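Student: can't give you the sequence, but here's the structure:
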């Protein structure tokens, strides 16, 4: 679907980016609020892991389900519907807290239901980005970089704001702020939806066809395969490791917010750099740096370094994360024909959330049984091995180098498919 524009073709893209920015702000706000709330009210790492698991598990199924819904209802309608439902569900939490009915299992259930609609809404926004980028005459790699940059800067604003609101006004006020953010997102989605053009129906593509395209394109499935291990810490770092580290060492929510913010600042810088100089990056160099960044972020916690060193190292780790996130989404979108994009993104999201949900619950259990230090050491060993594997796997024909500059004919074919 395309928006009706009056003075500029950039309006649809600006609306989409603004919606993405507020969505990212809400998610980052909740990354601090949710684990801190559970830890503060229960004092249990296992309960924290369970609720984190509830936040991720539904996305495994809704990513596949959501892609089919997008094909049937359209991207704008799917995006609006999912955000309205999430607003209703998350808006219930401050009501339950005020009424003294905020039992952990009930909060977990609400988060579970809300998360079921998160992935389809995100998929719809991502699937809209190539069309709106073309309409605004903006390179897709630049759009992906800007979106990752928004994620990065909101990773700064969200944790800082969450930590400050929790410390100064309490958990109830923080949940109310979260509901207000959801209301803003719904308002933006309504603007996108009410100004769209009539939908042009296309033949539905089955998951079998999408899977066939994925398995026959080595330059698509191999980058995805290398990306999957990064999700071992994708949500676990924010939902389990950081909150437990802060909680066990007696720090407050403000420091937790600063840690999330410094990582987001690095991610913002990396994504912004990718948006401006995408062709100068290579896949395997960025992959190795990304693995190394995860390793460093865990080691500074393991050795319990002074606060300035932890903050500085965390910011440094975010730089390759932001650039790599923009690159992998660009690869998926550029190497996937337009009719297949929703379901390809659904497959990728399903793999992502499967790894993240299992690791959130697994790391929570590991901390409960062996302690935080042994868990951090185990994760460090895993990412140390991944760094070595990524260096060994380097090849002359780098995935991104070929796609961004060495194969203009392929890029033109992708543009023709979009149009």
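Tutor: Structure received. Note that this is a predicted model, so its numbers are computed, not measured. Residues are numbered from 1 along each chain as shown.

Student: I figured residue 210 hits residue 345, correct?
Tutor: No. No contact is recorded between residue 210 and residue 345 when judged using CB atoms under 8 Å, the distance being 9.8 Å. (Each C-beta comes from the backbone N, C-alpha and C, glycine too.)

Student: Just want to know which of those two has more residues nearby.
Tutor: Applying other CB atoms under 10 Å to residue 210 and residue 345 shows that residue 345 carries more neighbours, namely 25 against 22.

Student: what about that one, helix or strand, and which?
Tutor: Secondary structure assignment for residue 345, by DSSP states H and E: helix 341-370.

Student: Report the distance from that helix to the chain centre.
Tutor: Chain-centre distance of helix 341-370: 12 Å, with CA atoms, centre = their mean, to the nearest Å.

Student: Do you have the helices of the stretch 1-150 of the chain handy? List them.
Tutor: Listed from the start of the chain, the stretch 1-150 of the chain has helices (DSSP state H, counting those that start in this stretch) covering 11-42, 45-73, 75-90, 92-98, 104-116, 118-136, 140-169.

Student: Those helices: which one's closest to residue 193?
Tutor: Distances from residue 193 to each of the helices of the stretch 1-150 of the chain were compared using CB to CB; the minimum, 4.7 Å, belongs to helix 75-90.

Student: any idea how far residue 88 is from the closest residue to residue 79 other than its chain neighbours?
Tutor: Among residues not flanking residue 79 along the chain, residue 124 sits closest, at 4.0 Å (CB to CB, 6 or more residues apart in numbering). In this structure, residue 124 and residue 88 are 18 Å apart, going by CB to CB, to the nearest Å.

Student: the more surrounded of these two?
Tutor: Regarding residue 124 and residue 88, a neighbour count based on other CB under 10 Å identifies residue 124 as having more, with 28 against 15.

Student: Quick check: the more buried one vs residue 366, distance?
Tutor: If you go by CB to CB, the gap between residue 124 and residue 366 works out to 35 Å.

Student: same question, residue 328
Tutor: Between residue 328 and residue 366 the distance, using CB to CB, works out to 27 Å.

Student: Who has more neighbours out of these two?
Tutor: Comparing residue 328 with residue 366 by neighbour count (other CB under 10 Å), the higher total belongs to residue 328, at 24 against 20.

Student: quick one: pLDDT of that one?
Tutor: pLDDT for residue 328: 90.

Student: just checking, it touches residue 230?
Tutor: No. Counting by CB under 8 Å, residue 328 does not reach residue 230; the two are 9.0 Å apart.

Student: what residues does stretch 70-90 touch?
Tutor: When contacts are defined by CB atoms under 8 Å, 6 or more residues apart in numbering, stretch 70-90 is touched by residues 1, 19, 66, 69, 110, 113-114, 117-118, 120-121, 123-125, 127-128, 175, 178-179, 182-183, 185-186, 189-190, 192-193, 196, 199, 204-205, 342-343.

Student: other SSEs contacting the helix holding residue 345?
Tutor: helix 45-73, helix 118-136, helix 207-216, helix 236, helix 307-334, helix 372-392 (3 or more CB pairs under 8 Å, 6 or more residues apart in numbering; DSSP states H and E).

Student: between those, which gets nearest to residue 169?
Tutor: Comparing the helices and strands packed on helix 341-370 by CB to CB, helix 45-73 comes nearest, at 21.8 Å.

Student: in the stretch 201-350 of the chain, which ranges drop under the pLDDT threshold?
Tutor: Per-residue confidence for the stretch 201-350 of the chain (pLDDT under 70) gives these ranges: 201-204.

Student: What sits closest to residue 207 if chain neighbours are left out?
Tutor: Nearest non-adjacent residue to residue 207 (CB to CB, 6+ apart): residue 343, at 5.7 Å.

Student: cool, residue 239 as well?
Tutor: Closest residue in space to residue 239, ignoring its immediate chain neighbours: residue 52 at 4.0 Å, by CB to CB, 6+ apart.

Student: doesn't residue 235 make contact with the one you found?
Tutor: Yes. Applying CB under 8 Å as the test, residue 52 and residue 235 come out as touching, 6.8 Å apart.

Student: Can you check the distance spanned by stretch 381-401, start to finish?
Tutor: In terms of CA to CA, to the nearest Å, the two terminal residues of stretch 381-401 are separated by 30 Å.

Student: chain center to that stretch: distance?
Tutor: 22 Å.

Student: wait, which of the helices and strands packed on helix 341-370 is closest to residue 13?
Tutor: helix 118-136 (4.2 Å).

Student: mind listing what residue 184 touches?
Tutor: Taking CB under 8 Å, 6+ apart as the definition of contact, the neighbours of residue 184 are residue 22.

Student: please begin residue numbering at 202 from this point
Tutor: Got it, the first residue is 202 from now on, which makes the last one we talked about residue 385.

Student: Need phi/psi at it.
Tutor: Reported as degrees, to the nearest 10, the phi and psi values for residue 385 are phi -60, psi -40.

Student: and the gap between it and residue 442?
Tutor: The gap separating residue 385 from residue 442 is 30 Å, by CB to CB.

Student: Kindly report the same for residue 237.
Tutor: Applying CB to CB, one obtains 14 Å for the distance of residue 237 from residue 442.

Student: ok, now residue 311?
Tutor: With the distance defined as CB to CB, residue 311 ends up 24 Å from residue 442.

Student: More neighbours: those two, which one.
Tutor: Ranked by neighbour count (other CB under 10 Å), residue 311 and residue 442 place residue 442 first, with 23 against 18.

Student: name the element the closest residue to residue 520 other than its chain neighbours belongs to?
Tutor: Closest residue in space to residue 520, ignoring its immediate chain neighbours: residue 471 at 4.0 Å, by CB to CB, 6+ apart. In this structure, residue 471 is located in helix 454-477 according to DSSP H and E.

Student: helices or strands up against that helix?
Tutor: Here helix 454-477 is seen to pack against helix 212-243, helix 341-370, helix 443-449, helix 508-535 when contacts are counted using 3+ CB pairs under 8 Å, 6+ apart.

Student: at 6 Å what do you get?
Tutor: In this structure, helix 454-477 makes packing contacts with helix 212-243, helix 341-370, helix 508-535, judged by 3 or more CB pairs under 6 Å, 6 or more residues apart in numbering; DSSP states H and E.

Student: tell me which residues of it are tucked away?
Tutor: Burial within helix 454-477, assessed by neighbour count using 16 or more other CB atoms under 10 Å, is assigned to 454-476.

Student: for stretch 500-513, the distance to its chain's centre please.
Tutor: Averaging C-alpha coordinates over stretch 500-513 and over its chain gives two centres that are 24 Å apart (CA atoms, centre = their mean).
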